[in-house]
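A.B. asks: Provided below are the primary sequence and the corresponding predicted coordinates.
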Amino acid sequence: MALRKENLLIVDDDFDMLEVLDRSLSQENYHTYKAGSVVEAIDILKHSTIDLLITDLQMPGMNGMELVKYVDDHYPGIPKLVITGYPSIDNALTAIKSGALDYLPKPFTKSELLFSVKKSLNNLPLIHKSIRRSQVESNYAGMVGSSAKFEELVDIIERVKNNRATILIKGESGTGKELVARAIHYKGSFAQNPFIAVNCGAIPENLLESELFGSTKGAFTGASETREGYFQAANGGTIFLDEIGTATLAVQVKLLRVLQEKEVRKVGARNSDKIQLRVIAATNSDLQEMVEKGTFREDLYYRLNVVDILTPPLRDRKEDILPLAKTFLDKYQREYGKSNLKLAKKTVEILTRYNWPGNIRELENVIQRAIIMCEDEILPQDLPATVKYQIPEVEEELAALKEVEKRHILKVLAAVDQNKTRAAEILQIDRKTLREKIK
């Protein structure tokens, strides 16, 4: 059983600094929440277990010093680390008097940051340090696994499930991003409220805005009545925005307003409606690269990325392949009226060695197909050729053998002064085969 990761809340109105801090701390296996203002930070504090506050001082509206005082009054057990680009003795003394344990002037190195973080965390109450998470069940809200990567994913879900912090789920296609979103919702305190899943990439561009936010009668051609949107339908619960990278810039502006103001305005309406919900977005695109290209708003990216979750590819959680395969086996043999099907030993070897570029979705499709094709046992011949023969380890071995063969042929040719007839005799192959190999 692994010691619980510490939850760090980073507060800074400079989004670049937030990213630098987040990257540095995540690399050291800390779990981070990010806030661009004191108001956002207080909201996260109210609904999350935070082990350390790291805050800038100079911010618009309420400043970091006021946040330190607030935390000292309301959450006295949380240690506080102050960072600032405007260092002064007065500020340092005021911060310490307000309850901060350490004061770190910018610029600072990664090692200086980590030293201050560790020093501050050493002041955690003993009860926090002794918390250990029990082993993760093999089936968690429909998610199956027992690998370290799976346990880490469940650990993060357990931390965020009871608050409304905005979450961005990143990962390759087929890694189960919607399952993660559903687990966050249905394992949390809002489980009785709506969960609305929206595939932004599947809705025509000209309809996405009205589908998300609703529309008034006559707002556009075909709008024959006033309609609620997905956001209104999800009020009180969770909205899951899959393929968020496909949203147009116009929709992105409205999404930003929803996240900032907690209100939605229907297309064609003059007034906005207040809503309270949790937004979970997902993408298999590189949103940071899209920000650099100007196709995704930078401010929206940081608003969405308060908590980021990475769904690991199946090749990085090999221990989960067999439990997942058996889960799909149970599911589809019932669907197709079969029973007591088994995976042959050789089939298991092939499944666990394959690299699964299509991840869990590809594995599910392969098992479904195999159940249709097999009799009493799933044999290697019931698997697609791509799975049976395109095995990374075998390909690497073949590449190594080809390199050995190449060196041997070149050595023989050099020994006979490039006489291909003589070289073919020595190699015990015909001249045509030798010519092909030389090519």
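C.D. replies: Thanks, I have the structure now. Residues are numbered from 1 along each chain as shown.
A.B. asks: in the helix or strand that R361 is a member of, what's buried?
C.D. replies: Assigned by DSSP states H and E, R361 belongs to helix 359-373. Neighbour counts using 16 or more other C-beta atoms under 10 Å place 359-360, 362-364, 366-371 of helix 359-373 among the buried residues. In this view, the C-beta of every residue, glycine as well, is placed from N, C-alpha and C.
A.B. asks: for these, give me a markdown table that also has distance to G294 and pLDDT.
C.D. replies: Formatted as a markdown table, the buried residues of helix 359-373 follow (distance: C-beta to C-beta, whole Å; pLDDT from 0 to 100):
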| residue | distance to G294 | pLDDT |
| --- | --- | --- |
| N359 | 30 | 95 |
| I360 | 33 | 95 |
| E362 | 33 | 94 |
| L363 | 37 | 95 |
| E364 | 37 | 93 |
| V366 | 40 | 94 |
| I367 | 42 | 94 |
| Q368 | 41 | 92 |
| R369 | 42 | 91 |
| A370 | 46 | 92 |
| I371 | 47 | 92 |
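A.B. asks: please render those as TSV that adds distance to K293 to the earlier fields.
C.D. replies: Shown next, in TSV, are those (distance: C-beta to C-beta, whole Å):
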residue	distance to K293
N359	26
I360	30
E362	29
L363	33
E364	34
V366	36
I367	39
Q368	38
R369	39
A370	42
I371	44
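A.B. asks: need the max-distance pair from those residues.
C.D. replies: With distances taken as C-beta to C-beta, the most widely separated pair in those is N359 and I371, at 19.6 Å.
A.B. asks: quickly list the domain ranges of this protein.
C.D. replies: 7-129, 139-312, 315-389, 392-438 (automatic domain parsing).
A.B. asks: what about the second one, how long is it end to end?
C.D. replies: Looking at domain 139-312, the gap from its leading to its trailing residue is 17 Å under the measure C-alpha to C-alpha, to the nearest Å.
A.B. asks: before we move on, which element is the closest residue to D308 other than its chain neighbours in?
C.D. replies: Distances taken as C-beta to C-beta, 6 or more residues apart in numbering place L168 nearest to D308, at 4.9 Å, with adjacent residues excluded. Using DSSP H and E, L168 maps to strand 167-170.
A.B. asks: repeat that for A282.
C.D. replies: Per DSSP H and E: A282 is located in strand 278-283.
A.B. asks: pLDDT of that strand, averaged?
C.D. replies: What strand 278-283 shows for mean pLDDT is 95.
A.B. asks: show residues contacting the helix holding R361.
C.D. replies: 172-176, 313-314, 321, 324-325, 328-329, 332-333, 336, 338, 341, 347, 351, 356, 358, 378, 382-384, 387 (C-beta atoms under 8 Å, 6 or more residues apart in numbering).
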